[in-house]
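Enquirer: I'll drop the sequence and a predicted model, then ask my questions.
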Amino acid sequence: MTRLGSTPLLETQGDIDHSTCRDLETAFAEAINTGARVVLLDLAQVPYVDSGGLSVLFSAARRLRQNGWLGVVGPNPNVRRLLELVGLSADPSFRTFDDRLGAGAALAEETGAR
Amino acid sequence: MIALGRDFSRVITVKAEKIHLAEIRDFVESIGTELGLGLERIFDLKVAVSEACANVVEHAGCGTTPLEVCADLQSGRLTFTVRDSGSFHPPSPWRDTFNNRGLGLPLMVALMDEVRFMRLPDGGTCVSLSVLLPA
């Protein structure tokens, strides 16, 4: 786990499927347990996400819902399509960014507004 | 390269274990690539077939059960058939409410042109996922 400013940023490579999504779930739990309001996940190096991975994203967004959100960075067009298809993109506690610059800007804007 | 006008059939058999899902997706991708399908269509097929297999794996238990995936091209229709010797477990609404499992079936239905579930005479289940190829 790295950080973007003070926000935890999870980095992962390769497919997120039923055989690998438990690791991601653990990483989210660790990041959320540090008291983070927002958690970011970089998907730029992830070619494929299945329903197991999508479930992990749903539950992370749900856990952050009260006063924060989950942001994914750089999903490829196919993964982005799945996020929309299952309704994650419509979740108010879920955001998608093209790159880290965009995520950083959204965080800075929130900090300025608080 | 498979000639588009020619029908064909291929099979992959693995143990019903999560670690083999990636291998099955590679099988789907190689066929899609050979047929010259678009990247989006190939991705859809990988998701649908992998989800059908994940369902089998989830209920297979110890992993000694074989999992067979057939690819058939017939009259411009590409079909992947997933067979297992156990029974297909449809997602339960109760379970879905609590942990978002069961996203697999809606994904299969949303991404394929046709999805069929069949009970086999030996007690197993067969899921077939089809896409119609452009003429």
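Expert: Cool, got the structure.

Enquirer: enumerate every residue touching residue A:63.
Expert: Residue A:63 is in contact with A:28, A:32, counting by CB atoms under 8 Å, 6 or more residues apart in numbering or on different chains. Every C-beta, even on glycine, is put in place using the N, C-alpha and C of the backbone.

Enquirer: can you check residue A:17 too?
Expert: Contacts for residue A:17 (CB under 8 Å, 6+ apart) come out as A:48-50, A:52-53, B:18, B:21-22, B:50, B:54.

Enquirer: and residue B:41, by the same measure?
Expert: By CB under 8 Å, 6+ apart, the contact list for residue B:41 reads B:32, B:131.

Enquirer: is it within a helix or a strand, and which one?
Expert: helix B:39-60 (DSSP states H and E).

Enquirer: flag every buried residue along that helix.
Expert: B:41-57, B:60 (16 or more other CB atoms under 10 Å in any protein chain shown).

Enquirer: tilt between the helix or strand where residue B:107 lies and helix B:39-60?
Expert: Using DSSP H and E, residue B:107 maps to helix B:104-111. Between the axes of helix B:104-111 and helix B:39-60, defined by axes from the mean of the first three to the mean of the last three CA atoms, to 10 degrees, the angle is 160 degrees.

Enquirer: would you put the C-alpha positions of helix B:104-111 in PDB?
Expert: Taking Å, rounded to 0.1, in the frame of the first residue of the first chain, the C-alpha atoms of helix B:104-111 are listed here in PDB:
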ATOM      1  CA  GLY B 104     -22.100 -13.900 -11.900                       C
ATOM      2  CA  LEU B 105     -25.500 -14.800 -13.400                       C
ATOM      3  CA  PRO B 106     -26.600 -11.300 -14.200                       C
ATOM      4  CA  LEU B 107     -23.200 -10.700 -15.900                       C
ATOM      5  CA  MET B 108     -23.600 -13.800 -18.000                       C
ATOM      6  CA  VAL B 109     -27.100 -12.800 -19.100                       C
ATOM      7  CA  ALA B 110     -26.100  -9.200 -19.800                       C
ATOM      8  CA  LEU B 111     -23.100 -10.000 -21.900                       C
END
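
Enquirer: not including adjacent chain positions, what is the nearest residue to residue A:2?
Expert: Once flanking residues are discounted, residue A:2 sits nearest to residue A:9: 5.0 Å by CB to CB, 6 or more residues apart in numbering or on different chains.

Enquirer: mind checking how far the one you found is from residue B:56?
Expert: As for residue A:9, its distance to residue B:56 is 35 Å (criterion: CB to CB, to the nearest Å).

Enquirer: could you do residue B:23 as well?
Expert: According to CB to CB, residue B:23 stands 14 Å off from residue B:56.

Enquirer: show me what from chain B comes close to chain A.
Expert: Residues of chain B lying close to chain A by CB under 8 Å from any CB of the partner chain are B:18-19, B:21-22, B:25, B:39-40, B:43, B:46-47, B:50-51, B:54, B:57-58, B:99-104, B:106-107, B:110-111.

Enquirer: next up, the contacts around residue A:35.
Expert: Per CB under 8 Å, 6+ apart, neighbours of residue A:35: none.

Enquirer: sec struct for it, please.
Expert: Classification of residue A:35 using DSSP: H, G, I helix; E, B strand; the rest coil returns coil.

Enquirer: next one: residue B:20
Expert: helix.

Enquirer: and the closest residue to it other than its chain neighbours, how close does it get to residue A:106?
Expert: Of all residues not flanking residue B:20 in the chain, residue B:14 sits nearest, at 3.9 Å (CB to CB, 6+ apart). Computed as CB to CB, the residue B:14 to residue A:106 distance reads 42 Å.

Enquirer: please apply the same query to residue B:78.
Expert: Distance, residue B:78 to residue A:106, by CB to CB: 41 Å.

Enquirer: next: residue B:68.
Expert: 47 Å.

Enquirer: same deal with residue B:11?
Expert: Counting by CB to CB, the gap from residue B:11 to residue A:106 is 48 Å.
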